[in-house]
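J.: with the input below, show me the fold.
(2 chains)
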2 protein chains.
Amino acid sequence: MIVTVTPNPALDITYTVPGFRLHTTHRVAEVAAQAGGKGINVARVLHALGRRTTAVLPLGGATGAAVEADLVRSGIPHLCVPIDGETRRTVAVADTTDTTMLNEAGPEVGAAEWAALRGRVRDLLPEARVLVVSGSLPRGLPEDACADLVRLARDRGVPVILDADGPVLRAGLAARPTVVKPNAAELLAATGIQDPAGAATALLAAGAEAVVASFGPDGLLAATPEGCLRARPPERVAGNTAGAGDAVVAALAAGLADGAAWSDMLGDAVALSAATVLAPRAGVFDPDAYRRFAAATTGATST
Amino acid sequence: MIVTVTPNPALDITYTVPGFRLHTTHRVAEVAAQAGGKGINVARVLHALGRRTTAVLPLGGATGAAVEADLVRSGIPHLCVPIDGETRRTVAVADTTDTTMLNEAGPEVGAAEWAALRGRVRDLLPEARVLVVSGSLPRGLPEDACADLVRLARDRGVPVILDADGPVLRAGLAARPTVVKPNAAELLAATGIQDPAGAATALLAAGAEAVVASFGPDGLLAATPEGCLRARPPERVAGNTAGAGDAVVAALAAGLADGAAWSDMLGDAVALSAATVLAPRAGVFDPDAYRRFAAATTGATST
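T.: Residues are numbered from 1 along each chain as shown, chains lettered A, B, ... in the order given. This is a model prediction of the structure:
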């Protein structure tokens, strides 16, 4: 089983509003809402791949209830830790050009609530092949709260993928995660190094066992125990980039669970990520495109 | 007691986002959410005035639960009729210049669900001094669904204020509401007549016993059994215009319940409405400003 933790989940609301303009009243033609947050997106992809997964998350209030209702509806196994605060929303307004995002900060999570979540993760670890800790940290918690989860799993021999940025990423490195997955901006921010390969190598030195940096349409750069590898999508795709990075994490988690070779994992990750861009929502991929891309990909090449 | 019906209530979410721009990702600094919809706004104002009121509304899903939780928190007496559909949201994004509105259409309401709501209204009528029917009609209902509520109350001698537009207003006129309250655009759309006094008189001829048309900062124009009257706010105010029309309806409902004279009702309505513009949310008014404006208002003058 692959356990994902989403420290700050959200109800992701998407409005399709052709001709969206500022300072105007719009009737929203099309509304979609689903459970979101990076770890949930990862679990959604894994579930669609037929992988055993459990999404662990703190939830509170009416918005939390809506998140849980969507997890039930989507059939994604989940374990919710109740919190006093109200789970946040994100609102994405998609017009014909691009998307405007409004992200609520989300609730404070108290130390006792986080301890309860940590306990549920600990209880799942004996069954876990991989732990994924993904997304922002809620207010009220120390910067090393995710690092503590990484350490908990690593001490029990469970590989961990940490997808975080800023202070949470920096604190997490000390706990020696199996993989960290920054995007280009996060990689630069974490290291101050312009050269991606140099920056990735710096994160290895800081404690990560492997670094997989995502560069959108330019694919992935990985600093791994097998050396530096590069994987590019088999073709350029245009579409919804929300959740593309989470598809990368899902593919890596599946690969780690199977003990796959790095080259194969990275090829699979770019294929799955590109197939996610072709689907309208985070955590959803186009299965035909995934098969086509996976067949066409040449895996990763050494740099 | 004043009964308000909100056929298509909403969870009104307000985001304060200085520097809001298209096609950008924003962290929302300030989030507010409250039960909304015109009839609920009217009930909120009446409750703050210390008036006995009951808000009647259909509610469904997690968003419906959030609406009800806010009604409980706000202490507004309410009677919710459960529906299968999911209650809608509205999102208002306020930047330093103005507000961008995103209004979901809301759920379908079935005939049996509406019949249940009608039954609850009927049960409340013996206690009701005034019935307010306010806001848009949900999908799935015939255009005369609100007219039917108007007739139900009028047949029992209860005065009715109908605040609706388009086909719902047109159908409602035949049921002889005590007051209809179009704004300038609704008045023109309903009659095709450019001259406001002429348009208001046309709505009288179509069945309304009185017409109170609202013109924002220019105040109110009323065609009443006491003739045509005009009321202007005692001073120009700038602020949040959401709910300003609902404050007018609340003042008229309170005045009808008390048997007040038209001139006094209209003067009170402009004072309460202006005090609502000074408060940050629909259904909320600045009590000090209300007292000041009410003391300064000269009532309505004949035109």
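
J.: what residues does chain A have near chain B?
T.: With Cβ under 8 Å from any Cβ of the partner chain as the criterion, chain A meets chain B at residues A:13, A:15, A:17, A:20-29, A:31, A:61-63, A:65-66, A:69, A:89, A:91, A:93, A:95, A:97-105. C-beta here means a position set from N, CA and C on the backbone, and glycine is covered the same way.

J.: are any of those buried, and which?
T.: Neighbour counting by 16 or more other Cβ atoms under 10 Å in any protein chain shown classes A:13, A:15, A:17, A:20, A:26, A:28, A:31, A:61-63, A:65-66, A:69, A:89, A:91, A:93, A:95, A:99-104 among these as buried.

J.: what's the closest non-adjacent residue to A:Leu46?
T.: With Cβ to Cβ, 6 or more residues apart in numbering or on different chains as the criterion, A:Leu46 has its nearest non-adjacent residue at 4.2 Å, and that residue is A:Thr53.

J.: pretty sure A:Gln194 contacts A:Leu187?
T.: No. Shown here, A:Gln194 and A:Leu187 do not form a contact pair, counting by Cβ atoms under 8 Å, at 10.0 Å.

J.: what about those two, which has more around it?
T.: Using other Cβ atoms under 10 Å in any protein chain shown, the more surrounded residue of A:Gln194 and A:Leu187 is A:Leu187, with 25 against 9.

J.: so that one belongs to a helix, correct?
T.: Yes. Assessed with DSSP: H, G, I helix; E, B strand; the rest coil, A:Leu187 lies in a helix.

J.: pretty sure it is touching A:Gly198, no?
T.: No. Taking Cβ under 8 Å as the contact criterion, A:Leu187 and A:Gly198 are not neighbours in contact, 10.0 Å apart.

J.: ok, now which ones touch the closest residue to chain B within the stretch 201-303 of chain A?
T.: Here the stretch 201-303 of chain A gets closest to chain B at one residue, A:Ala242, 10.3 Å apart by Cβ to the nearest Cβ. Residues in contact with A:Ala242, defined by Cβ atoms under 8 Å, 6 or more residues apart in numbering or on different chains, are A:92, A:99, A:281-282.

J.: ok, those vs B:Val179, which is closest?
T.: Closest approach between the contacts of A:Ala242 and B:Val179, by Cβ to Cβ: A:Ala92, at 41.1 Å.

J.: tell me the secondary structure at the closest one.
T.: Recorded secondary structure, A:Ala92: strand (three-state DSSP).

J.: one more: A:Pro58?
T.: Using three-state DSSP, the structure places A:Pro58 in strand.

J.: do you know how far it is from A:Glu86?
T.: When distances are taken as Cβ to Cβ, to the nearest Å, A:Pro58 and A:Glu86 turn out to be 11 Å apart.

J.: do A:Ala205 as well
T.: With distances defined as Cβ to Cβ, the gap from A:Ala205 to A:Glu86 amounts to 41 Å.

J.: those two: which is more packed in?
T.: For A:Ala205 versus A:Glu86, neighbours defined as other Cβ under 10 Å are more numerous around A:Glu86 (19 against 10).

J.: picking that back up, the buried ones among the residues of chain A next to chain B in helices, which ones?
T.: Within these, residues falling in helices by DSSP state H are A:61-63, A:65-66, A:69.

J.: can you redo those residues as JSON lines with distance to A:Tyr290?
T.: What follows is those, written out as JSON lines (distance: Cβ to Cβ, whole Å):
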{"residue": "A:Gly61", "distance to A:Tyr290": "35"}
{"residue": "A:Ala62", "distance to A:Tyr290": "35"}
{"residue": "A:Thr63", "distance to A:Tyr290": "31"}
{"residue": "A:Ala65", "distance to A:Tyr290": "32"}
{"residue": "A:Ala66", "distance to A:Tyr290": "29"}
{"residue": "A:Ala69", "distance to A:Tyr290": "28"}
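
J.: helices of chain A, start to end?
T.: A:38-48, A:61-74, A:111-124, A:145-155, A:166-173, A:184-191, A:196-205, A:244-258, A:262-277, A:287-296.

J.: could you say what helices and strands the second one packs with?
T.: Yep, that's helix A:61-74 we're talking about. Packed against helix A:61-74, as judged by 3 or more Cβ pairs under 8 Å, 6 or more residues apart in numbering or on different chains; DSSP states H and E, are the following elements: strand A:10-16, strand A:30-36, helix A:38-48, strand A:53-59, strand A:78-82, helix B:61-74.

J.: count of neighbours near the nearest residue to A:Asp246 once chain neighbours are set aside?
T.: Using Cβ to Cβ, 6+ apart and skipping the chain neighbours, the partner closest in space to A:Asp246 is A:Asn41 (3.7 Å). Residues lying near A:Asn41 (other Cβ under 10 Å) number 32.

J.: ranking the helices of chain A by burial, who's on top?
T.: Comparing the helices of chain A by mean neighbour count (mean count of other Cβ atoms under 10 Å in any protein chain shown), helix A:38-48 comes out on top with a mean of 29.

J.: in strands, which of the contacts of A:Ala242 fall?
T.: Among the contacts of A:Ala242, the members found in strands (DSSP state E) are A:92, A:99.

J.: so which of the contacts of A:Ala242 wins on neighbours?
T.: A:Ala282 (27 neighbours).

J.: pretty sure that residue is touching A:Thr14, no?
T.: No. Taking contacts as Cβ under 8 Å, A:Ala282 lies outside contact range of A:Thr14: 9.2 Å.

J.: could you tell me how far the residue nearest to A:Leu46 is located from chain B?
T.: Taking Cβ to the nearest Cβ, to the nearest Å as the criterion, A:Thr53 is separated from chain B by 24 Å.

J.: then A:Gly85?
T.: 12 Å.

J.: my read: that residue touches A:Glu108, true?
T.: Yes. Applying Cβ under 8 Å, one finds A:Gly85 in contact with A:Glu108, separated by 5.4 Å.

J.: what touches both of the two?
T.: Going by Cβ under 8 Å, 6+ apart, residues that sit against A:Gly85 and also against A:Glu108 are A:Pro138.

J.: the more surrounded of the two?
T.: More neighbours sit around A:Gly85 than around the other of A:Gly85 and A:Glu108, counting by other Cβ under 10 Å; the figures are 20 against 13.

J.: per-residue pLDDT of the more buried one, please?
T.: At A:Gly85, the predicted lDDT confidence score is 97.

J.: and for the one 5 residues further on?
T.: The confidence metric pLDDT takes the value 97 at A:Thr90.

J.: coming back round to it: in a markdown table, list the helices of chain A along with mean pLDDT.
T.: Compiled in a markdown table, the helices of chain A are given as follows (pLDDT from 0 to 100):
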| stretch | mean pLDDT |
| --- | --- |
| helix A:38-48 | 98 |
| helix A:61-74 | 95 |
| helix A:111-124 | 98 |
| helix A:145-155 | 98 |
| helix A:166-173 | 96 |
| helix A:184-191 | 95 |
| helix A:196-205 | 96 |
| helix A:244-258 | 97 |
| helix A:262-277 | 96 |
| helix A:287-296 | 94 |
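
J.: redo the ones you listed as CSV? Include distance to B:Asp288.
T.: Supplementary listing: the helices of chain A in CSV, determined by distance: least, Cβ to Cβ, whole Å:
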stretch, distance to B:Asp288
helix A:38-48, 47
helix A:61-74, 33
helix A:111-124, 41
helix A:145-155, 45
helix A:166-173, 45
helix A:184-191, 48
helix A:196-205, 58
helix A:244-258, 51
helix A:262-277, 55
helix A:287-296, 62
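
J.: who's in contact with stretch A:35-43?
T.: With Cβ under 8 Å, 6+ apart, stretch A:35-43 has contacts from A:2, A:4-12, A:44, A:53-57, A:67-68, A:70-71, A:74, A:76-78, A:90, A:132-135, A:163, A:243, A:245-247, A:249-250, A:253, A:282-283.
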